[in-house]
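S.K.: structure, please.
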Amino acid sequence: MASRNYLVMTNDMSLSDKQKYRMTALAAGLERCGHVNIGSINADVPGLQAIPDTRKADRVEAIIAYIKTGAWPKTIDQRELAPLTDLVVATALDMWLTAVLAAPVGTPYTCFQAVASPQLITGKLMVCYGVSVESAVVPMPVSRLIFRKGGVGGNIQAQFDMEPMGIRLETDAFFSEPVIIDPNDVFAIQVINRAVAPATPVHIHNFLYEVSGTVVA
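M.R.: Model prediction:
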């Protein structure tokens, strides 16, 4: 886990800060699509192919500049995760929801109800950039948001301390850096319960990418 993983409360961010962060996360996901064979971002964005893969920041900036013109990559679609249809094992409901938070306190719970180790369907990539918690319990009943590669027993990809959200009674925060989940990766997104409480919506803000035309709304 990198020490730079932390939460930024959205109440501490200006509107332009939020827009810039979302745009950077969005572009970083598009750039990653080029490495996992989702669409053809190099062909979609003029001049991108000339920027080496090693200069990731420059590639992301080029994608941002392209999107700001009002254009969008022709070969890639973007939306939010649909838990019922985008995971190999579907969740019970089309929403982010933990199970009932029971004793003992300090137990990890998946944010996908009973699906502990979800996996994206082939051809989909997800970028997670923030978290919101909806709960009538005060203070907030969850803490320590954990992303793992390889499922519940896998290595920690990123970890965020949610205690400041509970102390400040904040319900929404951005990640210090986005978390990218590649196609076919088995992963886990967990919270630790700090109280006994009902099932709790812990919504992970995300961008989901797939080949253009894969899903017709």
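
S.K.: domain ranges for this protein?
M.R.: 11-78, 82-208 (automatic domain parsing).

S.K.: any chance of CSV for the ones you listed, columns mean neighbour count, mean pLDDT and distance to N5?
M.R.: C-betas here are computed from N, CA, C, even on glycine. Rendered in CSV, the data for the domains of the chain read as follows (neighbours: other Cβ atoms under 10 Å; pLDDT from 0 to 100; distance: least, Cβ to Cβ, whole Å):
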stretch, mean neighbour count, mean pLDDT, distance to N5
domain 11-78, 16, 95, 14
domain 82-208, 18, 94, 5
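
S.K.: now these as TSV including distance to T214?
M.R.: Output for the domains of the chain, formatted as TSV (distance: least, Cβ to Cβ, whole Å):
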stretch	distance to T214
domain 11-78	7
domain 82-208	7
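
S.K.: tell me, what residue is most central in the protein?
M.R.: Nearest to the mean C-alpha position of the chain, counting by Cα atoms, centre = their mean, stands C128 at 1.4 Å.

S.K.: quick one: which helix or strand includes that one?
M.R.: Assessed by DSSP states H and E, C128 sits inside strand 124-133.

S.K.: what pairs with that strand, parallel or antiparallel?
M.R.: Paired strands of strand 124-133, with direction, are strand 172-181 (antiparallel), strand 202-211 (antiparallel) (DSSP bridges).

S.K.: select the longest helix from the protein.
M.R.: Longest helix in the chain by number of residues (criterion: DSSP state H): helix 15-33.

S.K.: what's whichever helix or strand comes after that helix packed up against?
M.R.: On the C-terminal side of helix 15-33, the closest following helix or strand by DSSP H and E is helix 41-44. For helix 41-44, the helices and strands in contact under the criterion 3 or more Cβ pairs under 8 Å, 6 or more residues apart in numbering; DSSP states H and E are helix 15-33.

S.K.: ok, and what's touching the helix it packs on?
M.R.: Contacts made with helix 15-33 from outside it, assessed by Cβ atoms under 8 Å, 6 or more residues apart in numbering, are listed as 10, 13, 39, 41, 56, 59-61, 63-64, 67-68, 73, 76, 78, 125-127, 129, 174, 178, 180, 182, 207, 209.

S.K.: confirm G70 sits in a helix?
M.R.: No: looking at G70 with DSSP: H, G, I helix; E, B strand; the rest coil, it is coil, so not inside a helix.

S.K.: and it, how far is that from A27?
M.R.: Summarising the geometry, the distance separating G70 from A27, computed by Cβ to Cβ, to the nearest Å, is 15 Å.

S.K.: the nearest residue to K124 once chain neighbours are set aside bridge partners, please.
M.R.: With Cβ to Cβ, 6 or more residues apart in numbering as the measure, E210 is the residue that lies nearest to K124, at 5.0 Å, once sequence neighbours are left out. Here E210 shows beta-bridge partners D77, K124, assigned using DSSP bridges.

S.K.: neighbouring contacts of the strand or helix carrying Q159?
M.R.: Secondary structure assignment for Q159, by DSSP H and E: strand 155-160. Among residues not part of strand 155-160, those counted as contacts by Cβ under 8 Å, 6+ apart are 1-2, 5-7, 131, 144-149, 173, 175-177, 179, 187.

S.K.: fine, thanks again, bye for now.
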